[in-house]
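J.: Provide a 3D model corresponding to the input given below.
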Amino acid sequence: MLAAYYNGRAGVRVGNLPEPKILFPGEAIVRVTLAGMCSADLEFTLNVAVTAFALPIRADRHR
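T.: Numbering: from 1, shown residues only. Now for the predicted structure:
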């Protein structure tokens, strides 16, 4: 499956990963349709200062 994932110091990558499997009772597989990252996490991940956003912020709170 195509996925965006954090790869340590290499940063965020997009690539093919194995399909997830349910291993234990009570687990579930969910399909993520939207995701976001706060500017503090983005600065840490990319090691750059974020001063402007290309997309509008849609969440009403940080958390």
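J.: which element is Phe44 on?
T.: helix 39-46 (DSSP states H and E).
J.: show the average pLDDT along that helix.
T.: Per-residue pLDDT values across helix 39-46 average out to 72.
J.: can you list the buried residues in it?
T.: By neighbour count with 16 or more other Cβ atoms under 10 Å, helix 39-46 contains no buried residues. Where C-beta positions appear, they are placed from N, C-alpha and C, glycine not excepted.
J.: residues touching Ala4, list them.
T.: Residues in contact with Ala4 (Cβ atoms under 8 Å, 6 or more residues apart in numbering) are Val12, Arg13, Val14, Ala35.
J.: out of those, list just those in strands.
T.: Val12, Arg13, Val14 (DSSP state E).
J.: report the separation between the last one and Pro25.
T.: Shown here: Val14 relative to Pro25, a distance of 32 Å by Cβ to Cβ, to the nearest Å.
J.: which of the contacts of Ala4 count as buried?
T.: Buried members of the contacts of Ala4, scored by 16+ other Cβ under 10 Å: none.
J.: can you pick out the most distant pair from the residues you listed?
T.: Arg13 and Ala35 (14.5 Å; Cβ to Cβ).
J.: how about the residue in this protein that sits furthest from its center?
T.: Pro25 (25.8 Å; Cα atoms, centre = their mean).
J.: and that one, what is it in contact with?
T.: Residues in contact with Pro25 (Cβ under 8 Å, 6+ apart): none are found.
J.: ramachandran coordinates for it?
T.: Backbone geometry at Pro25, expressed as degrees, to the nearest 10, gives phi -60, psi 140.
J.: from the contact counts, what lies against the lowest-mean-pLDDT helix or strand in the chain?
T.: The helix or strand of the chain with the poorest confidence is helix 39-46; it has a mean of 72 (mean pLDDT, DSSP states H and E). For helix 39-46, there is no helix or strand it packs on, judged by 3 or more Cβ pairs under 8 Å, 6 or more residues apart in numbering; DSSP states H and E.
J.: cutoff 10 Å now
T.: Judged by 3 or more Cβ pairs under 10 Å, 6 or more residues apart in numbering; DSSP states H and E, helix 39-46 is in contact with strand 12-16.
J.: quick check: angle from the strand it packs on to helix 39-46?
T.: 70 degrees (axes from the mean of the first three to the mean of the last three Cα atoms, to 10 degrees).
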